[in-house]
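Novice: Need a 3D model of the sequence below.
(one chain, ligands or ions: 2)
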Amino acid sequence: MPGLDFNTSAIQTAESLTARRLEKEIEADTGSDAGIGKTPSARFPEHNRLPYGVYLEWQAMGEQPVSDALAEAARSEGLSLEHIGLTLGTVIHGVDLSEPLSETLINCIRQILLERKVIFFRDQPLTEDQLVQFAERFGELDVFPFGRLGHNPKVIEISHDEARPGSENGWHTDVTWMEAPSLGSIAQALIVPPIGGDTLFADSHAAFRGLPETLQETLLPLSGVHDYRYFLSGLDPIQDAALIEEIKTRIPFGVSHPLVRQHPETGKPALYIHGGFLRHESLFNRDTREPMGEAASQALSKLLLTQHARPELMCRFAWQPGSIAFWDNRAVQHYAASDYYPHARSIRRVTVSGDVPMSWAPS
Ligand SMILES: O=C(O)CCC(=O)C(=O)O
Ligand SMILES: [Fe+2]
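Specialist: Ligands and ions are numbered 1, 2, ... in the order given. The predicted structure is shown next:
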């Protein structure tokens, strides 16, 4: 049988390869192996750059989940840190967010967010007002006009059930249609489906570093135009024309953001893109003010929009009622898995105000 022939010669091939490998190891012991001394960049082939991008981000983090100073600060605040991804995602244990929190504790939480990009808490059955009070410790809050508001107008509720299937299952960073998109979002789980309903987060710094170097260079001077046409598409263009015009005069419709955003606090570069708000044909060169051209812009947008979906960049959070996630929109993208229909799932969310995205240039 051909299968038997194959295995007989496969065993012989394996034996010769093993013998060759052993010989090489002996040579290596005598110092003649060319592989020794290879740098990490030489170990990752250019066609498989992504794992190297994750490593570069890990290197930028000092090759540890948090800095020594932060680990010490967290310990002295009584916090224990459960890291769920290499470069992102930490569950913070040992704090009750409904209690009055000291300035040093808030600073420590803020620092964990900056170093870990997305942080989580368990068993925090906060009321709407308590959630708002906690969020306000991190800055002003944005009111999100297109969402379903809670009793407190700074809160939005995102609820899904049999009549309204989950729809936040696309990789994105929040509200890029704003001139100054929210710094971060804080979501609290109210109803969790019996199975599924996790939210995934992907590291936007590693996403950028994991692109081929020539592509990184191409992106540096590019910006694109983002708008909230997606929200207006729910309105009737004829019947609601006046309302649409009014909204557009109140809230700028169409803002430019760089594709590579410099994080305003850590200084690190991030791939900054939103498939629903970016006009895919709108990419232009900021330096020359030249548009890229419709077809090239569409093709590049399409390519970049696949990058965050690589599993190497991700951590995944399974909610329980009272779980809280706080993500840094400048450092991660997120994706709410819509895998629980027809069950219900509900979160409430507040958003901390951010600043105008700035471009990044290598130093
Ligand atoms: O439901 C979630 O887990 C997150 C939904 C979302 O995209 C958001 O709140 O910004
Ligand atoms: Fe979102």
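Novice: now Pro252, what's its secondary structure?
Specialist: coil (DSSP: H, G, I helix; E, B strand; the rest coil).
Novice: and if you look at Arg75?
Specialist: At Arg75 the chain is in helix, as set by three-state DSSP.
Novice: where in this structure is pLDDT low?
Specialist: For the chain, the stretches flagged by pLDDT under 70 are 1-3, 28-36.
Novice: try 80
Specialist: Low-confidence segments of the chain, defined by pLDDT under 80: 1-4, 27-37, 145, 147, 150.
Novice: Need the nearest residue in space to the one residue in the stretch 1-150 of the chain that gets nearest to ligand 1, chain neighbours excluded.
Specialist: Nearest to ligand 1 in the stretch 1-150 of the chain, going by C-beta to the nearest ligand atom, is Gly147, at a distance of 8.7 Å. (Glycine included, C-beta is placed from N, CA and C.) Nearest residue to Gly147, sequence neighbours excluded (C-beta to C-beta, 6 or more residues apart in numbering): Ile156, at 3.4 Å.
Novice: now that neighbour, which residues is it bridged with?
Specialist: Under DSSP bridges, the beta-bridge partners of Ile156 are Leu149, Arg349.
Novice: ok, now which ones touch it?
Specialist: Neighbour list for Ile156: Phe144, Gly147, Arg148, Leu149, Gly150, Arg348, Arg349, Val350 [criterion: C-beta atoms under 8 Å, 6 or more residues apart in numbering].
Novice: Any idea how many residues pack against the residue of the stretch 1-150 of the chain closest to ligand 1?
Specialist: 15 (other C-beta atoms under 10 Å).
Novice: Could you do the one 4 residues further on as well?
Specialist: Neighbour count of His151, defined by other C-beta under 10 Å: 9.
Novice: Which residues are in contact with the closest residue to it other than its chain neighbours?
Specialist: Once flanking residues are discounted, His151 sits nearest to Glu128: 5.8 Å by C-beta to C-beta, 6+ apart. By C-beta under 8 Å, 6+ apart, Glu128 lies in contact with Gly150, His151, Asn152, Val155, Arg348.
Novice: Please name the residues that touch the first one.
Specialist: Think Gly150. Gly150 neighbours (C-beta under 8 Å, 6+ apart): Glu128, Ile156, Glu157, Arg348.
Novice: for the residues you listed, which one is nearest Gly139?
Specialist: Nearest to Gly139 among the contacts of Gly150, counting by C-beta to C-beta, is Ile156 at 17.3 Å.
Novice: Mind listing what's buried along the helix or strand Phe6 falls within?
Specialist: Taking DSSP states H and E as the definition, Phe6 sits inside helix 2-29. Within helix 2-29, not a single residue qualifies as buried, counting by 16 or more other C-beta atoms under 10 Å.
Novice: Run the chain-centre distance for that helix.
Specialist: For helix 2-29, the separation from the chain centroid amounts to 44 Å (computed by C-alpha atoms, centre = their mean, to the nearest Å).
Novice: and the residue nearest to Ser159 when sequence neighbours are not counted, how many neighbours?
Specialist: Counting by C-beta to C-beta, 6+ apart, Ser159 lies nearest to Ser346, which is 4.0 Å off, once chain neighbours are set aside. The local packing of Ser346 (other C-beta under 10 Å) involves 17 other residues.
Novice: so Ser346 is in which element?
Specialist: Secondary structure (DSSP H and E) places Ser346 in strand 345-352.
Novice: just Ala295 next, same as before
Specialist: Assigned by DSSP H and E, Ala295 falls in helix 294-304.
Novice: Now the helix or strand just after that helix: buried residues?
Specialist: Counting by DSSP H and E, the next helix or strand C-terminal to helix 294-304 is strand 314-317. Using 16+ other C-beta under 10 Å as the test for burial, strand 314-317 gives Met314, Cys315, Phe317.
Novice: Arg164: which of those residues is nearest?
Specialist: Out of the buried residues of strand 314-317, the member with the shortest distance to Arg164 (by C-beta to C-beta) is Phe317, at 21.9 Å.
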